[in-house]
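Peer 1: Prediction below, plus the sequence it came from.
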Amino acid sequence: MQAPAKELPIIAADVLARLRAQSPRVHCITNSVAQTLTANTLLAVGAVPSMTIAPEEIGVFMKRAGALLVNLGTFDGERGKASDVAIEAAVELNLPWVLDPVFVDRSPVRAAFAKGLVARQPTAIRLNRNEFFELAGVGAESGAVAAYARDQRTVVGLTGATDLVADGARLVTTANGDPLMSKVTALGCAASALVAACLAVERDVWCASAAALLIMGVAGELAAKCARGPGSFAVEILDVLYALDRDMLVAHAKVS
Amino acid sequence: MQAPAKELPIIAADVLARLRAQSPRVHCITNSVAQTLTANTLLAVGAVPSMTIAPEEIGVFMKRAGALLVNLGTFDGERGKASDVAIEAAVELNLPWVLDPVFVDRSPVRAAFAKGLVARQPTAIRLNRNEFFELAGVGAESGAVAAYARDQRTVVGLTGATDLVADGARLVTTANGDPLMSKVTALGCAASALVAACLAVERDVWCASAAALLIMGVAGELAAKCARGPGSFAVEILDVLYALDRDMLVAHAKVS
Amino acid sequence: MQAPAKELPIIAADVLARLRAQSPRVHCITNSVAQTLTANTLLAVGAVPSMTIAPEEIGVFMKRAGALLVNLGTFDGERGKASDVAIEAAVELNLPWVLDPVFVDRSPVRAAFAKGLVARQPTAIRLNRNEFFELAGVGAESGAVAAYARDQRTVVGLTGATDLVADGARLVTTANGDPLMSKVTALGCAASALVAACLAVERDVWCASAAALLIMGVAGELAAKCARGPGSFAVEILDVLYALDRDMLVAHAKVS
């Protein structure tokens, strides 16, 4: 285990404390299924969501935002244009932005659009194994993920049974979470928003991304202990995110 | 009671087991209020939702889907076009599709559009008594519902205090559910999505439709026993759907 | 304390009883993040939501509605047009309408649009302190709020740590609620919908607006007692709204 990976629970706790102290606003161009859970996830950790996709408003919303999320779920022309305007604003304002290429493995049109966005160098990309395969053209082995991150000059946060965060030089694997996480719609989308929030308060992109996925994974694992099914799990995970602190992160993080 | 009706709890249990084993994807053109609950309902029974309404993506999403839902809530030009493209794809791919003519009783424009969709012979229609009256021009007596189903060559799933499922030849009434179900938005929409999911794993349309409504009704009834109001009811019903099994269905089904 | 303020808990209880008895329909042009919670809030108090934003349908939906909500969250051209059509219908039908100028403090385009709507004399405006400052150009001191309400010939319902409702002549402050209310997205939007619902059953606009905010505040305060965080709080507040009665309102209202 690399030194930074070992320190990840402490780093995540620090990042979370800064989220609560600084309350950064995260502008989210995200799909209509995910909006409510995404907003509530951000609020639970102390961040503030904004979600307009009207091109004439995005610029001014971005000016006071700390980070941007571009999520390609329920993608359409309107969201395409919104993404374009928002990314341009992020680049101009030097704000971090996260790409969540939802379901690119199911739609060639969307995959092509996503590849165009990757070429614009998102600060981080959060995706699952199928989506990675579609974008990278290779399976999500650690080495391939690291190579893709290096080649695209981004940080990749890959989620699934285990999570993996890689830039060109560092790589960490976390084994928290719970199968119930796949039974609640948009939890992956919410995790991407959390990556954006962490980027707003932590300049080291790899640390911020890994912190976000660890926070989500530990919260999911703790929520599952109290849940009776996916309905109560969706409630519990927000309660846990709200209560999460250094001790809980350190006690439960499974990092390697 | 007809023989098939008597066997309905067992049929429903089999259909549910197949949902969990096969995890069919259900493509949902549905309203923005219902999307999250619909997705979570499908996930709770083992199915997988997809919800894009972008015309250029629907074809490719339909190719790997097991069924289609067309729900007319918060209807607009965009959803109208999406419905058209999706139904065409369903017909071409020989996939079952379900029509949910939400609130046609409140909007002549929507009612006219819905009648056009009925003429394209949906595999099944899920609606309430007011919506049936608007479409059929007669009250929702069993005989009239059966006649409408026969005439339109579809299966009608009528929900309310009691549920009724009819094709031209078979008819079943179920008396599960709870008044709290009408206090949570979009539960009817979610039930229609469940009909689509069941159609993806059961070719007998009447059996699939009746199974879906029985599953929803029993889940609602059991959820109400643990709920303190509509907030906790919405949580409980997802937990119950996730835990539902043969024994629970057989023990609680009220079929006649 | 003015006499009407003193009587507010009883007035609110009466309004709530009428909501449950009359089940008015509230048409909501609202943002996509808020739709589900808004619908469920209305259902919990006995009202009925409708949410179409298709211009060709709004007129007919308004005809059988009891009130209109125009909420400017996730604002775009489509919602702008829908607002216009809906307000015109409300005026023609002599129905009350409520403006919720979400985030006008973050977007000059939206602020300009909102000011145009204020000029059309909404029956009531529900907003927070930052939004008030943006619209009124002065801070939200009681006197300034009362003056603004008088000048604009409307009733202002200002929410925050304390809530304040003012027309030109009457002013009430309520101190219910809980900090958790700011950790659940769209609760303010839902409160505005509740103002619209109360206007559908109570012609005294100040009484209706104050009743709505008191109902929401007391429900929030009681919900917080059972909640473990924002996830369970969002569940509890719907359960409390559903169970809320005269005794609970009278026992817990903090009116001055």
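Peer 2: All right, it came through fine.

Peer 1: If you tally nearby residues, what's the number for residue A:22?
Peer 2: For residue A:22, the neighbour count with other C-beta atoms under 10 Å in any protein chain shown is 13. The way it works is simple: take the backbone N, C-alpha and C, and place the C-beta from them, glycine included.

Peer 1: Nearest to chain C: which residue in the stretch 1-150 of chain A?
Peer 2: residue A:39 (3.7 Å; C-beta to the nearest C-beta).

Peer 1: Can you name the residues of chain A that neighbour chain B?
Peer 2: Selection of chain A residues close to chain B by C-beta under 8 Å from any C-beta of the partner chain yields A:31-33, A:36-37, A:73-77, A:103, A:106-110, A:182-186, A:227-232, A:234-235.

Peer 1: Quick check: buried residues in the helix or strand of chain A with the lowest mean pLDDT?
Peer 2: One helix or strand of chain A scores below all others by mean pLDDT, DSSP states H and E: helix A:3-6, with a mean of 72. Neighbour counts over helix A:3-6 (16 or more other C-beta atoms under 10 Å in any protein chain shown) mark A:4-5 as buried.

Peer 1: Got phi/psi on residue A:91?
Peer 2: phi -60, psi -50 (degrees, to the nearest 10).

Peer 1: residues near the closest residue in space to it that isn't next to it in sequence, how many?
Peer 2: Distances taken as C-beta to C-beta, 6 or more residues apart in numbering or on different chains place residue A:120 nearest to residue A:91, at 7.5 Å, with adjacent residues excluded. By the criterion of other C-beta under 10 Å, residue A:120 has 15 neighbours.

Peer 1: Got the confidence number for residue A:120?
Peer 2: At residue A:120, the predicted lDDT confidence score is 97.

Peer 1: would it count as being in a helix?
Peer 2: No - counting by DSSP: H, G, I helix; E, B strand; the rest coil, residue A:120 is not found in a helix; it is coil.

Peer 1: the strands in chain A, which residues?
Peer 2: Applying DSSP state E to chain A gives strands spanning A:25-29, A:48-50, A:67-71, A:97-100, A:124-128, A:155-159, A:163-166, A:171-174.

Peer 1: got CSV for those, with mean neighbour count and mean pLDDT too?
Peer 2: Below are these laid out as CSV (neighbours: other C-beta atoms under 10 Å in any protein chain shown; pLDDT from 0 to 100):
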stretch, mean neighbour count, mean pLDDT
strand A:25-29, 27, 98
strand A:48-50, 21, 97
strand A:67-71, 29, 98
strand A:97-100, 30, 98
strand A:124-128, 27, 98
strand A:155-159, 26, 98
strand A:163-166, 26, 98
strand A:171-174, 21, 97
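
Peer 1: Can you lay out these as JSON lines showing distance to residue C:84?
Peer 2: Compiled in JSON lines, these are given as follows (distance: least, C-beta to C-beta, whole Å):
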{"stretch": "strand A:25-29", "distance to residue C:84": "25"}
{"stretch": "strand A:48-50", "distance to residue C:84": "24"}
{"stretch": "strand A:67-71", "distance to residue C:84": "30"}
{"stretch": "strand A:97-100", "distance to residue C:84": "34"}
{"stretch": "strand A:124-128", "distance to residue C:84": "39"}
{"stretch": "strand A:155-159", "distance to residue C:84": "43"}
{"stretch": "strand A:163-166", "distance to residue C:84": "47"}
{"stretch": "strand A:171-174", "distance to residue C:84": "50"}
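
Peer 1: Can you tell me which of the ones you listed is nearest to residue B:65?
Peer 2: strand A:124-128 (18.9 Å; C-beta to C-beta).

Peer 1: contacts for the closest one?
Peer 2: Contact with strand A:124-128 is made by A:96, A:98-101, A:104, A:118, A:135, A:152, A:154-160, A:188, A:191-192, A:195, A:199, A:205, A:208-209, A:213, as judged by C-beta atoms under 8 Å, 6 or more residues apart in numbering or on different chains.

Peer 1: Just give me how far the least confident helix or strand of chain A sits from the chain centre.
Peer 2: 20 Å (C-alpha atoms, centre = their mean, to the nearest Å).

Peer 1: contacts for it?
Peer 2: Outside helix A:3-6, the residues that reach it (C-beta under 8 Å, 6+ apart) are A:11, A:170-173, A:206-207, A:210, A:255-256.

Peer 1: Tell me which of the strands of chain A lies nearest to residue C:131.
Peer 2: Nearest to residue C:131, of the strands of chain A and by C-beta to C-beta, is strand A:48-50 at 13.7 Å.

Peer 1: anything in the longest helix anywhere in chain A near chain C?
Peer 2: Of all segments of type helix in chain A, defined using DSSP state H, the longest is helix A:205-226. No - shown here: helix A:205-226 not in contact with chain C (C-beta under 8 Å from any C-beta), separated by at least 8.6 Å.

Peer 1: residue contacts, residue A:209?
Peer 2: Taking C-beta under 8 Å, 6+ apart, one finds A:124, A:126, A:155, A:157, A:165, A:195, A:198-199 in contact with residue A:209.
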